[in-house]
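>>> fold the stuff below for me.
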Amino acid sequence: MPTLVADAVVIGGGHHGLVAAAVLADAGWDVCVLESADVVGGAIRSAELHPGFTADLFSAFYPLSAASPVLRALELERHGLRWAHAPTVLAHPPRPDGAPAAVLHRDRARTAAGLAEHHPGDGEAWLRLCSQWDAVGEPVLRTLFTAFPPVRGPVQLLRRIGTAEALRLARFLALPAGRMGEELFASEAARLLLAGNAVHGDTPPDATVSGVFGWLLAMLGQQYGFPVPVGGSGELAAALGRRAAAAGADVRTGEHVERIEVRGGRVAAVHTATGLTVRVRRAVIADVAAPALYRDLLAPEVLPRRLHTDLERFVWDTPVVKVNWALAGPIPWRSPGVAGAGTVHVGADGRGLARWSADIETGTLPRSPFLLLGQMTTADPSRSPAGTESAWAYTHLPRGVTDDGSDDDLAGRVDAVLEEFAPGFGDRVLGRTVQGPRDLQAADPNLVAGAVNGGTAQLFQQLVFRPVPGLGRSETVIGGLYLGSASAHPGGGVHGVCGWLAARAALGEHGAFGGLRRRVTSAALELLYRDPPGRT
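Predicted coordinates for the structure are as follows:
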């Protein structure tokens, strides 16, 4: 059987894995990336599902990528990546009767002017919110995009706004999305810009800290837009692959890792289904879901019993059903202002969002689902022939109802919602492809049961609780093994930070103070996963 030797092995060629490979290779390490699929990218892939129409199979819009200092530092534009923007960032029509939509523009003055038409004071309120972001956005992102404990971001924030305002900001960021909107704006339209963005994750809009997701995406959309890669999301993955290879990483596809070998408490080798063995000198970065790493790739006896127990409480985010369409023409929206938006939130106003979320959380198939929709040709004309539209929409299923035909039923309800908000939509459909939870997992094993976030984004499984109670870092109880997927802090989204943090941790443990760092980390992890008193 073939055997290789590398300083580091990266398991999984998703975007976090490719970022980790590039960072380690830039530092002079000999890196081998093992990806089970025939192409790299993980959940960043595109395909021609209908002749002449490019569809993004998973993720599609990338405000976090545009904001990420990690991805910006890789200079992917030098490796063939080009970005495109829709005329407007986002629109949220409140009702199917043609009521004016809330519209987010890349120009804050235009956004404010539009909101002022819904209520005179909301334009100024939006500009005040943007000014707040100008002051706190950079340190907030710096805090989110670093390992625990974050130091520089909070210090920078305190220097900018002071302790009193920092306390008020902490309260603000803890608000549910609905309450945050009520405190900021008078009109429902303005509130929908926050509430609709809040449910891009799986946090209920009435849950504590749900508002921060809406605020963050709205402000990123205002500052960076919701860009898309020209030619399809697969072009972003391809650029990441070229960047890693240019740094010297050996990127191998069609290599499914079956087992991580551990000797003396440290990673020793990685074994694949094809019979390939890669001996590891320094580190393994796992760009796989946490349950797959701990349950499938490692022998049970190498992990503490308490870690196994904690992992039983790991919660996936709610399953996704995605419908892709090739359309003969643009979507015939009733509401003005929606046609030029790349992203559309459609199907519910504020109260409707609360009802939809309640259905999801109580195991009820929503009668009228809330949709996150992408008008891809509107954002990037290369996606389909002139005068047509490549579009998709996704919505969520309740957990545990993915194997009874509910995904097909829900896909039909998605079409019905669009026909209600855009009469004549069905007449323009040239091709339609449904991706249910089983299809998503078959295409990418990390999308277990159609979960696309690497685990729930609710507070009980974020920060130091992700993926299980721990250090909020990529280090694991196995020496030289690091979790670098969306199951690790800071979680879902295409930002590359999970892979970057894992790579930086590996480099740090082989730096000047690596010995001390390893001892401190090992002691902390041993304390965390020690069996409680009285258990033998």
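
>>> walk me through the domains of this structure.
Here the domain assignment for the chain is 3-45+233-314+453-528, 63-67+83-229+316-443, based on automatic domain parsing.

>>> quick one: closest of those to Leu74.
domain 3-45+233-314+453-528 (5.3 Å; Cβ to Cβ). C-beta here means a position set from N, CA and C on the backbone, and glycine is covered the same way.

>>> mind checking how far that closest one is from the chain centre?
With Cα atoms, centre = their mean, to the nearest Å as the basis, domain 3-45+233-314+453-528 stands 17 Å off its chain's centre.

>>> tell me the average confidence for that domain?
Average pLDDT, domain 3-45+233-314+453-528: 95.

>>> repeat for stretch 147-156
The model assigns stretch 147-156 a mean pLDDT of 86.

>>> re earlier: let's have the domains of the chain in TSV, adding distance to Glu77 and mean neighbour count.
Below are the domains of the chain laid out as TSV (distance: least, Cβ to Cβ, whole Å; neighbours: other Cβ atoms under 10 Å):
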stretch	distance to Glu77	mean neighbour count
domain 3-45+233-314+453-528	8	21
domain 63-67+83-229+316-443	8	20
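
>>> which of these sits closest to Thr54?
domain 63-67+83-229+316-443 (4.6 Å).

>>> circling back to that earlier point, closest one to Leu57 among the domains of the chain?
domain 3-45+233-314+453-528 (4.8 Å).

>>> just to revisit the earlier point, now tabulate the domains of the chain in a markdown table and tack on distance to Ala73.
Below are these laid out as a markdown table (distance: least, Cβ to Cβ, whole Å):
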| stretch | distance to Ala73 |
| --- | --- |
| domain 3-45+233-314+453-528 | 9 |
| domain 63-67+83-229+316-443 | 12 |
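
>>> quick one: which of these is nearest Pro51?
Closest approach to Pro51 among the domains of the chain (Cβ to Cβ): domain 63-67+83-229+316-443, 8.2 Å.

>>> give me the pLDDT for the closest residue to Ala195 other than its chain neighbours.
The shortest distance from Ala195 to any non-neighbouring residue, by Cβ to Cβ, 6 or more residues apart in numbering, is to Ala177 (4.9 Å). Per-residue pLDDT puts Ala177 at 93.

>>> coming back round to it: nearest to Asp56, of the domains of the chain?
domain 3-45+233-314+453-528 (4.3 Å).

>>> show the end-to-end separation of that closest one, please.
36 Å (Cα to Cα, to the nearest Å).

>>> for Arg518, which non-adjacent residue is spatially closest?
Glu509 (5.3 Å).

>>> wait, isn't the one you found in contact with Arg517?
Yes - counting by Cβ atoms under 8 Å, Glu509 does reach Arg517; the two are 5.5 Å apart.

>>> confirm that Ala283 sits in a helix.
No - according to DSSP: H, G, I helix; E, B strand; the rest coil, Ala283 belongs to no helix; its state is strand.

>>> quick one: it and Cys498, what's the gap?
15 Å (Cβ to Cβ, to the nearest Å).

>>> likewise for Pro2?
30 Å.

>>> what do you get for Glu261?
As judged by Cβ to Cβ, Glu261 and Cys498 stand 24 Å apart.

>>> likewise for Trp126?
32 Å.

>>> quick one, grab the pLDDT at Thr402.
If you check Thr402, the pLDDT there is 59.

>>> before we move on, back to that, closest to Leu76 out of the domains of the chain?
domain 3-45+233-314+453-528 (4.4 Å).

>>> run through the residues that contact the spatially closest residue to Leu276 that is not a sequence neighbour.
Spatial nearest neighbour of Leu276, chain neighbours left out: Pro2 (5.2 Å); criterion: Cβ to Cβ, 6+ apart. Taking Cβ atoms under 8 Å, 6 or more residues apart in numbering as the criterion, Pro2 is in contact with 275-277.

>>> again, 10 Å this time
Residues in contact with Pro2 (Cβ atoms under 10 Å, 6 or more residues apart in numbering) are 272, 274-278.

>>> if I read this right, Ile331 contacts Gly424, doesn't it?
Yes - the pair Ile331 / Gly424 is scored as a contact, 9.1 Å apart, by Cβ atoms under 10 Å.
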